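1. can you look at this prediction? I've put the sequence above it.
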Amino acid sequence: MPADQPLVVISKSGSKRWVSAADTAARKLGLKLGMPASKAQAIVADLTMIDADPAADAAALERLALWALRQYSPVVAVDGVDGIVMDTEGADHLQGGEDLLISGLVNGLRARGLTARAAVADTWGAAHGITRVTSAETTVVRVGGVAKAVTSLPIHCLRLPPDTIHGLRVMGVETVGELSAMPRAPVTLRYGPEVGRRLDQLFGRMAEPIEPLRTPELIEAAKNFQEPIGAAETIAKYVRRLVGELTSKLEERGLGVRRSDLVIHRVDNTRQSIRAGLAKPVRDPARLSKLLCDRIEKIDPGFGIERLVLVAIMAEPLEERQVASSLIEEPVVDVTPLVDILGNRGQRLYRVTPVASDVPERSVMRIGPTTDETGATWAAKWPRPSRLLANPERIDVTALLPDQPPAVFTWRGKRRRVRRADGPERIFGEWWFRPREHAAVRDYFVVEDDAGERYWVYRAGDGVDADTGSHLWFLHGVFG
Amino acid sequence: MSRVQNPRMIEELRDRIAHLEGGAAKRSAVIPFGVREIDERLPEGGLSHGALHEIAGGGGGTVDGAAAALFAAGIAARSAGKILWCLTRPDLFFPALAQAGLHPDRVIFCEGDKDEDVLASMEEGLSFGGLGAVVGELVRLPMVSSRRLQLAAEKSGTMALVVRRWRRQTEASDFGNPTASTTRWRVSVLPSEELPVAGVGRARWLAELMRVKAGECAEFEIGACDAKGRVCLLPQSANRPNTSTWRGSRAS
């Protein structure tokens, strides 16, 4: 089917048929949601119509939620008929923070052909409302900013029954701000306690725990406590016990865990979670418990913890391999345990690898710390500075054109006389990647001042032709 | 001087002290510089594994730490195993380190936001064992932190190298404060070797051994790391610049 063919989904209720979803092409032609099907057909002659299948929609949404569970957060649930809600607390650092998490989420969904809106807020209600109203793809409401962000939301975002919404509209209430400013008692008397409850949940005055989605194939170990626990040592003790249980279950199936979640249920019916990610599948109890116990201090036990659940959210096949033991060769040390420990603390770990580029700042690329070793290194034998400035800094230079090194230069307010110099090393722009660099040239010089300090300076341009660069001088690196 | 009258007795005493300290029993190997004059100044004939070594730059190097980083890279290159390099300012240009003999596959960088992160990562790397060396770039190194690093290094026998670099040149007087490191170096650049033609020769460093446990201070004029990370001793140059201005802050 061609992409520009207008397509609508038709829902049915009794004899009434209406448009419940329309694609971009159909919307452009003036079709709107909620429009009767016959009217839509009258507007567009060759309209493709598909009958709605709510059961298949719900199943697809649940599949999507399970994907999000593995990727993003330990607590994910289906929200209404058209959304997914997740608790990102304690899991956003694995994606590099809230902003990166939701922009990555929206981009990931777009790559699968889905248009999504995402919002991060303090409460479920606020995030629910904002995603359904805003036109921005991603919204992040900072901690404590909910009250300000939701006042202008229309009341149909409150997850109330349609009758109540209609009744409130008749009363002239349009936004959440207006509704929350009204006295509570008459509203409750007229529309029941649901309105007040939803408002309290929206503003975070009332807890609204998310019941996480689970599938039978998830491997988990749980422990209920008769008396709530709270001390760090006690938590650590039970975490170790749960890890032992989990690893024996994993062993039965021949799996290793890539991502595991510790969900903490407190007595006041709130949940917290700790997510530990691993670079390779692991079934070693000591390593797993170290990763989880490392972050026990992040748990706020409040009035006590009544239930601990440990889930292997992402498990991959893990085979035991025999390690060749040789008397002569040095054993190769596997650094993944260390990478996991540091990575879960939020440190950025990487290795660097050469890129075939003459432009210095493009010749180094960061790769994952446990990527396979390539053995590649930089081929150039020319001296390179051990520190490279992120942005080359302008220097004032006295130099003879076209190809003499500077005689004197001023960097960061200090004038330096050049004693020795080497160069130029000419580097051309990469016009095959970037058409703008077609004529660009940089002439690099190694210069040494009176004190013996060596710097890497360059002139943008070849010193003759103004097309090759601005002929300004820059300092790019410091030699050791 | 009558100190070397009975070398056997001195050796015996050293062994007893080492036994009391408990560190030597684990792994007594060292990384020698391969230069006799430097190695004989160090108590075990080289930089010992399982110890903390501190390296700072002099002059402009207090801020950029370019020579100090290269000196550390040269030592790390001569160790065996993976290297963990912890830093907060990612301005290291790896091709230069590769020219000092450190292969990019061997180095795992760990970038943190604060000095405390670097200290914690270093300690974790040291107690992990199995790494060749752990390098950290730090502004401040308080006594307590350096003691923790030294103990972690002793326990696992991994070498800890701290490259000190400050935000401003005036802050470098901090280097005089005592730390628990086994050796303390200051590496500053000197005018490079004279060439018969125009150009810049092999880099020359002034490596000052400012403190060493059970040893005496010394200073050497060395040629910078070659492609295998080795340094060489050079004869004292006649036209040495006056470095007394920033050497006033000399400690211990």
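-> Nice, thanks for sending it over. Residues are numbered from 1 along each chain as shown, chains lettered A, B, ... in the order given.
2. can you get me a residue count around A:His476?
-> Neighbour count for A:His476, taken as other Cβ atoms under 10 Å in any protein chain shown: 21. Quick note: C-beta positions are derived from backbone N, CA and C, even for glycine.
3. low pLDDT regions in chain B?
-> B:1-5, B:22-28, B:236-252 (pLDDT under 70).
4. need the contact list for the residue positioned nearest the centre of chain B.
-> In chain B, the centroid-proximal residue (Cα atoms, centre = their mean) is B:Ile55; its distance is 4.2 Å. Taking Cβ atoms under 8 Å, 6 or more residues apart in numbering or on different chains, we find B:Ile55 in contact with B:68, B:71-72, B:161-164, B:184-187.
5. what is the three-state secondary structure of it?
-> With DSSP: H, G, I helix; E, B strand; the rest coil as the basis, B:Ile55 sits in strand.
6. distance of it relative to A:Leu388?
-> For B:Ile55, the distance to A:Leu388 equals 20 Å [Cβ to Cβ, to the nearest Å].
7. try A:Ser73
-> 38 Å.
8. give me the more crowded residue out of the two.
-> Using other Cβ under 10 Å, the more surrounded residue of A:Ser73 and A:Leu388 is A:Ser73, with 27 against 23.
9. nearest spatial neighbour of the spatially most distant residue from the centre of chain A, skipping sequence neighbours?
-> Distance from the C-alpha centroid of chain A peaks at A:Leu400, with 51.4 Å (Cα atoms, centre = their mean). Closest residue to A:Leu400 apart from its sequence neighbours, by Cβ to Cβ, 6 or more residues apart in numbering or on different chains: A:Ala407 at 7.6 Å.
10. could I get the average pLDDT for the helix or strand the one you found falls within?
-> Assessed by DSSP states H and E, A:Ala407 sits inside strand A:406-411. Mean pLDDT, computed over strand A:406-411, is 93.
11. which elements pack onto the helix or strand containing A:His128?
-> Using DSSP H and E, A:His128 sits within helix A:124-133. If contacts are counted by 3 or more Cβ pairs under 8 Å, 6 or more residues apart in numbering or on different chains; DSSP states H and E, helix A:124-133 sits against strand A:83-87, strand A:118-120, helix A:146-150, helix A:194-203.
12. so can I have TSV of these showing distance to A:Asp284, mean pLDDT and mean neighbour count?
-> Converted to TSV, these look like this (distance: least, Cβ to Cβ, whole Å; pLDDT from 0 to 100; neighbours: other Cβ atoms under 10 Å in any protein chain shown):
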stretch	distance to A:Asp284	mean pLDDT	mean neighbour count
strand A:83-87	28	88	22
strand A:118-120	34	91	21
helix A:146-150	42	86	18
helix A:194-203	42	89	20
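13. next, find the distance separating B:Arg230 from A:Leu218.
-> 55 Å.
14. likewise B:Cys225?
-> In this view, B:Cys225 and A:Leu218 are 53 Å apart by Cβ to Cβ.
15. please apply the same query to A:Ser363.
-> A:Ser363 is 45 Å from A:Leu218, by Cβ to Cβ.
16. re earlier: and the angle for the helix holding A:His128 with helix A:194-203?
-> Comparing the axes of helix A:124-133 and helix A:194-203 via axes from the mean of the first three to the mean of the last three Cα atoms, to 10 degrees yields an angle of 90 degrees.
17. name the residues that touch helix A:124-133?
-> By Cβ under 8 Å, 6+ apart, helix A:124-133 touches A:79-80, A:83, A:85, A:117-121, A:139, A:141, A:146, A:149-150, A:153-154, A:157-159, A:176, A:198, A:201-204, A:208, A:210.
18. mind redoing it with 6 Å?
-> The contact list for helix A:124-133, computed with Cβ atoms under 6 Å, 6 or more residues apart in numbering or on different chains, reads A:85, A:117, A:119, A:121, A:139, A:146, A:150, A:153, A:157, A:201-202, A:208.
19. JSON lines please, covering the residues you listed and showing distance to B:Thr88.
-> Putting the contacts of helix A:124-133 into JSON lines (distance: Cβ to Cβ, whole Å) gives the following:
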{"residue": "A:Val85", "distance to B:Thr88": "37"}
{"residue": "A:Arg117", "distance to B:Thr88": "36"}
{"residue": "A:Ala119", "distance to B:Thr88": "33"}
{"residue": "A:Ala121", "distance to B:Thr88": "32"}
{"residue": "A:Thr139", "distance to B:Thr88": "31"}
{"residue": "A:Val146", "distance to B:Thr88": "34"}
{"residue": "A:Val150", "distance to B:Thr88": "39"}
{"residue": "A:Leu153", "distance to B:Thr88": "42"}
{"residue": "A:Cys157", "distance to B:Thr88": "43"}
{"residue": "A:Gln201", "distance to B:Thr88": "42"}
{"residue": "A:Leu202", "distance to B:Thr88": "41"}
{"residue": "A:Glu208", "distance to B:Thr88": "40"}
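20. near chain A, which residues of chain B show up?
-> Residues of chain B found near chain A (Cβ under 6 Å from any Cβ of the partner chain) are B:60, B:64, B:66-67, B:69-70, B:82, B:91, B:93-96, B:98, B:104-105, B:108-112, B:121, B:124, B:128, B:130, B:189-191, B:199-200, B:241.
21. among those residues, which are in strands?
-> Counting by DSSP state E, the part of the residues of chain B next to chain A found in strands is B:108-111, B:189-190.
22. in PyMOL, how would I select just the buried ones from the residues you listed?
-> Buried residues among those (16 or more other Cβ atoms under 10 Å in any protein chain shown), as a PyMOL selection:
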select buried, chain B and resi 108+109+110+111+189+190
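23. still on that earlier bit, neighbour count: B:Cys225 and A:Leu218, which is higher?
-> B:Cys225 (30 against 17).
24. quick check: phi and psi at that one.
-> Here is the backbone geometry of B:Cys225 (degrees, to the nearest 10): phi -50, psi 140.
25. for A:Val44, see how far away it is.
-> From B:Cys225 to A:Val44 the distance is 74 Å (Cβ to Cβ).
26. now A:Ala65
-> Taken as Cβ to Cβ, the span from A:Ala65 to A:Val44 is 34 Å.
27. neighbour-wise, which of the two wins?
-> Of the pair A:Ala65 and A:Val44, A:Ala65 is the one with more neighbours under other Cβ under 10 Å, namely 20 against 16.
28. can you classify the more buried one as helix, strand or coil?
-> Look at A:Ala65: counting by three-state DSSP, its state is helix.
29. A:Val78 is in contact with that one, correct?
-> Yes. Using Cβ atoms under 6 Å, A:Ala65 is in contact with A:Val78, at 5.3 Å.
30. so what's the residue count around A:Ser260?
-> Considering only other Cβ under 10 Å, A:Ser260 is surrounded by 27 other residues.
31. shaky segments in chain A?
-> A:1-3, A:321-331.
32. could you list the contact residues of it toward chain B?
-> A:333, A:335, A:338, A:341-342, A:347-353, A:364, A:369, A:373, A:377-378, A:384-388, A:420, A:422, A:446, A:448, A:451-453, A:478, A:480.
33. now for A:Leu189: which residues touch it?
-> Contacts of A:Leu189 (Cβ under 6 Å, 6+ apart): none.
34. hang on, it in a helix?
-> Yes. Under three-state DSSP, A:Leu189 sits within a helix.
35. now it: how far from chain B?
-> Going from A:Leu189 to chain B by Cβ to the nearest Cβ, to the nearest Å gives 54 Å.
36. many thanks, we can stop here.
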